[in-house]
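Peer 1: Sharing a model prediction with you, sequence too.
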Amino acid sequence: MIPAHSLPSRVAGLPGAPVPPPVVHARFSIGDVVRHRLLDFRGVIFDVDPVFANTEEWYQAIPEDFRPAKDQPFYHLLAENIEGDYVAYVSQGNLIADDSDEPLDHPAIDGLFDGFTAGRYALRGEHRH
């Protein structure tokens, strides 16, 4: 057994040691169709950030009562609502799965995805890692 004094302080649990952030797994994947749980829009995920990765100015523009925690996945969406289409950046806590099985009509979809099957989009081969 390794003595506690030879372990890194965060593992040994010494006072003042940095505590690693909780591990939060992405609930959604690229190609999933989702809805905002509070606002009336839906979209397809085209990128995922494991934690908040936008500007502080963008974050502060969200009303404080609705501001999501930064330590959760954030999703880039090709989004649409009754007024039109746009790109959205949404926290995991504000998304729910869209079970309508209806495709979206966003003009950028064809550039990123090959088709819509079983309620989700398939990423084009050239965009895969």
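Peer 2: On my side now, so go ahead.

Peer 1: make it CA atoms for all contacts and neighbour counts henceforth
Peer 2: Noted.

Peer 1: show me where this protein has strands.
Peer 2: 33-36, 42-49, 74-81, 84-91, 95-97, 113-117, 120-123 (DSSP state E).

Peer 1: Quickly run through the sheet partners of the fifth one, with directions.
Peer 2: Looking at strand 95-97 with DSSP bridges, its partner strands are strand 33-36 (antiparallel).

Peer 1: Now do the partner strand: distance to the chain's middle.
Peer 2: Centroid separation for strand 33-36 versus its chain: 11 Å, with C-alpha atoms, centre = their mean, to the nearest Å.

Peer 1: Can you mark which positions in stretch 54-64 are buried?
Peer 2: If you call a residue buried by 16 or more other C-alpha atoms under 10 Å, then stretch 54-64 has these buried ones: residue 59.

Peer 1: residues in contact with it?
Peer 2: residue 67 (C-alpha atoms under 8 Å, 6 or more residues apart in numbering).
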